[in-house]
Every structure is written in structure tokens, then in C-alpha cells.
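K.L.:
predicted coordinates and the sequence they were generated for:
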Amino acid sequence: MADKRRKLGFETRAIHAGQRPDPTTGAIMTPLYLSSTFAQSEPGKHQGFDYSRSGNPTRLAFETCVADLEGARYGYAMASGCVGATTIVHLLSAGDHVVACDDMYGGTFRLFDKVFARQGIQFSYLDLTDPGALESALQPSTKLLWLETPTNPLLKIMDIAALSDVAHAQGVHVVVDNTFMSPYFQQPLALGADMVLHSTTKYINGHSDLIGGVVITDDDELAEQLGFLANALGGVQSTFDSYLCLRSLKTLAVRMRAHEANALQIARFLEAHPRVDRVVYPGLPSHPQHDLAARQMSGFGGMLAVYLKGDLETARRVLSRVELFTLAESLGGVESLIEHPAIMTHASVDPAQRRAIGIDDTLLRISVGIESVDDLIDDLDRALVAR
Ligand code: P1T
């Protein structure tokens, strides 16, 4: 008989956590509870749900399942990854200070720089691949350390455990945007972080058919504040999108393994390609933080950054020649995407800052899908060699 004390495996929890056959019908899939409101038998007395902004049974099943996969008890599903970030930053007040990594999704940077900085929150952006850099950046007013690891688009890796130790010694909460790895490959809370953010638009949903986000914590106090803010700000995920995310979690493990296997082969192919200057992939020994990645993550994910030999015109030519790869923003779907960060996803980052951190005109970002890898390699090869 199975040892009941053993923690269930990731794949098992991805399929069952937070879910039971529907008590009224026996349906094994969590029903889509589209109701905006719920009957009360007397004022204030109900069966756990009163209004769908505050809580919805389908959304709760997804929140419980995804939180479980991050090793946590609380999840708050949001209308987008950006709303998730917005909700977290609302834990702060004007005058508070945030230390953030210097490379991150352009939309998160825009939210900090163009929205919250105007409301009196202060931000310092730092290369945190050296954990020693954090100490001198902390101020008495620092409340939050914001990490995105691996970063978007340059795939820099930060030491979550070491940075969390430094932050916690000063009473600073740590957020990790875990979008690129998904809980399958990286579990930041176990490494010391206090909150995890995902754009569920990416790997968690994995099929490029919704926009969503989720904020996860195992800290009772933070959970209470985040739950309050989720309801008060109101940017919660729709029931239908929660249903799709719940369904997608069931295949997260197999999808992530397939993304990674394809990405590793493509990374090796590109690294040896005469038209490629440099490939950045955490799974390659040439990645500057390869050892840390191998220690802190259980896999290397499906994202690649590629510097071409040439110039902007070379990049444009390659992007116009690919056929299986679609030129599009976003990532983490089953289909392969390719994009130009400087013109597309990171256009909101100041050009000088972009160049300083390495987002130049020859940089392409690839989200490797789960198609047949030989077809993907042929497609890239054709696009690279074409004149
Ligand atoms: O798009 P949205 O669901 O709001 O998620 C924002 C977001 C947050 N964090 C990371 C690491 C992200 O990559 C994103 C969204 N990124 C893209 C759309 C992109 O193409 O990079």
C-alpha cells in the first residue's frame, strides 16, 4: 500500500489538487461556474461564495491547484500578469522603495517606471546576478525585492536563496516572476521567496488562447493582504479563463519536458551555426550562470536568446523567412514563436538602457514550441542561410 505520508508527485497534484468530482452530478471535471452571484439563505449566510469578484468555485479550483504546485496554500488568479504585478505593488505606499533586476519583461518595467514611479514608489534597477550587489542597494525604505529569473529576454539567472537571505535580513519581501520556468522547473518559495508571480498567458495556460496572471504565497499575512487587494482592485481572472488554466495545468509537466527537449536541441544547433554569433540558453555550458541554473532549477525551459552575426537588416531578413516559427510577441505556447525584443516586447525600455543591458538589433528571442524538432531546426536553418 502506498505510504500515505509521502507527498504526492507534481504530475498527480497538477491533475488533482483542489479538485473533486462535482458533488451534485459526479462530473470529474470542475464545472464552469459562470454565475456572477450566489444565493444566500439569510443575509451573510452562504455556501462559501457570495460574489464572483470575491471568489468563484472554478477560479478557486485553479488557484488551489497552481498554489499547490508552487508548494503554497494561497493563489490569486488575475486578469493578466500585469494585473498580478499591479496587485503586488499595491502592498506598498508612496515613499516605499523597490529593488528590481535590470532585465525584465518590458511591460513590467513600463508599469514600474511609468505608473508606480509617478505615484511615489521608488525603484532601483540592478544587475543582481551578483548577490553582493543587493546589500548596498537596500535602503531603510526598501520593502520589496523584485526578481525575474530567468529574465526576459536575456535569460539572466539570479540566486533566489542568496538574494532572499540578504533581503530578509532587512525585512524586505521577495517576489519572483517565475513565468519562464513555471512551477515545474522552479519553485521560488522553497528557495526563500515570499511571493511568486506568473503570467499564466504563457506556460501555465500554454495554448496562446488567454491572458492571465496568478500571485502565489504561503505567508498568511501576505495572503490576507493580497486577497483583500485582489477583491478591492477587482482585476480577477474570468471564470472561463480560470477553467482553461485549470485544464492546462493537467499537461504542464509533459509540455514543459517537451519544450525543454526541443529547446536544448535547437540551442545546440544554433550555437554551432555559422550565421549565429551567440546563443543564450541556461542549459548550455556557455551560459554564464549555467551552474546556478542547474542547481536552482530542475530544468532549463523553452526560451532562447540568439545574437545573429550582422545587423538589424539581417534580423529582419531571418524574421521574414521563417515559416513554422510565427513572428509574434508572447511565449510559452505549444507553437513556436520568434520575435525581436528591441522593436517588439521591450520597446518600452529606453534605447540606451536596452543597449546597456544587451538588447541590441541583432537579438532574437525564441519561444520553442513542442512541434517536431527536426522541422523547427530545418525552418531556422533555411531562414538563417537565405540571403
Ligand atoms: O501579458 P501579461 O499576461 O500581462 O504578463 C506580463 C508578463 C509578466 N512577466 C513576464 C516574465 C512576462 O513575460 C510577461 C508578458 N510577456 C510577454 C507578453 C512577452 O512577449 O514577453
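P.N.:
Here it is on my side, so go on.
K.L.:
local confidence estimate at A2?
P.N.:
You'll see A2 listed with a pLDDT of 50.
K.L.:
same question, the one 4 residues further on
P.N.:
Listed pLDDT for R6 reads 83.
K.L.:
quick one: stretch 171-185 near the ligand?
P.N.:
Yes - Stretch 171-185 is in contact with the ligand by CB under 6 Å from any ligand atom, via 177, 179. C-beta here means a position set from N, CA and C on the backbone, and glycine is covered the same way.
K.L.:
end-to-end on that stretch?
P.N.:
One end of stretch 171-185 sits 28 Å from the other (CA to CA, to the nearest Å).
K.L.:
buried sites along it?
P.N.:
Using 16 or more other CB atoms under 10 Å as the burial criterion, the residues of stretch 171-185 that qualify are 172-185.
K.L.:
then stretch 349-360?
P.N.:
For stretch 349-360, burial by neighbour count (16+ other CB under 10 Å) applies to 349, 354, 357-359.
K.L.:
what strand or helix carries V176?
P.N.:
Following DSSP states H and E, one finds V176 within strand 173-177.
K.L.:
quick one: distance of that strand to the chain centre.
P.N.:
The chain centroid and the centroid of strand 173-177 are separated by 12 Å, computed with CA atoms, centre = their mean, to the nearest Å.
K.L.:
just checking, what packs against the helix or strand just after that strand?
P.N.:
Per DSSP H and E, the first helix or strand lying C-terminal to strand 173-177 is helix 182-185. Applying 3 or more CB pairs under 8 Å, 6 or more residues apart in numbering; DSSP states H and E, one finds that helix 182-185 contacts helix 57-69, helix 252-271.
K.L.:
as JSON lines, the ones you listed with mean neighbour count would be great.
P.N.:
Output for the helices and strands packed on helix 182-185, formatted as JSON lines (neighbours: other CB atoms under 10 Å):
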{"stretch": "helix 57-69", "mean neighbour count": "23"}
{"stretch": "helix 252-271", "mean neighbour count": "20"}
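K.L.:
export those helices to TSV and tack on mean pLDDT and distance to F109?
P.N.:
Formatted as TSV, the helices and strands packed on helix 182-185 follow (pLDDT from 0 to 100; distance: least, CB to CB, whole Å):
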stretch	mean pLDDT	distance to F109
helix 57-69	98	25
helix 252-271	98	25
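K.L.:
what's the domain layout of the protein?
P.N.:
Domain segmentation of the chain under automatic domain parsing yields 10-249, 252-385.
K.L.:
wondering if the last one reaches the ligand at all.
P.N.:
When you say that, I think you mean domain 252-385. Yes - using CB under 6 Å from any ligand atom, domain 252-385 reaches the ligand at 329-331, 345.
K.L.:
out of these, who's the most crowded?
P.N.:
The most crowded member of those, judged by other CB atoms under 10 Å, is L331 (28 neighbours).
K.L.:
quick one: it is in a helix?
P.N.:
No - read with DSSP: H, G, I helix; E, B strand; the rest coil, L331 is coil and lies in no helix.
K.L.:
report the contact partners of Q47.
P.N.:
Q47 makes contacts with F38, as judged by CB atoms under 8 Å, 6 or more residues apart in numbering.
K.L.:
list the buried ones in stretch 110-126?
P.N.:
Of the residues in stretch 110-126, 111-113, 116, 121-123, 125 count as buried by neighbour count, 16+ other CB under 10 Å.
K.L.:
circling back: would you turn the residues of domain 252-385 next to the ligand into CSV with pLDDT?
P.N.:
Listed next are the residues of domain 252-385 next to the ligand as CSV, based on pLDDT from 0 to 100:
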residue, pLDDT
E329, 97
S330, 98
L331, 98
T345, 92
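K.L.:
so which of those is the closest to F228?
P.N.:
Nearest to F228 among the residues of domain 252-385 next to the ligand is S330, at 30.4 Å by CB to CB.
K.L.:
can you tell me the closest non-neighbouring residue to the closest residue to the ligand within the stretch 51-200 of the chain?
P.N.:
Closest contact between the stretch 51-200 of the chain and the ligand, by CB to the nearest ligand atom, is at G81 (2.4 Å). What sits nearest to G81 in space, not counting adjacent residues and going by CB to CB, 6 or more residues apart in numbering, is S199, at 2.8 Å.
K.L.:
need the per-residue pLDDT for H90.
P.N.:
pLDDT recorded at H90 is 98.
K.L.:
what are the ranges of the helices in the stretch 101-250 of the chain?
P.N.:
Per DSSP state H, counting those that start in this stretch, the stretch 101-250 of the chain carries helices over the ranges 106-110, 132-137, 160-169, 182-185, 220-233, 239-249.
K.L.:
state the mean pLDDT of the third one.
P.N.:
Taken as a whole, helix 160-169 has a mean pLDDT of 98.
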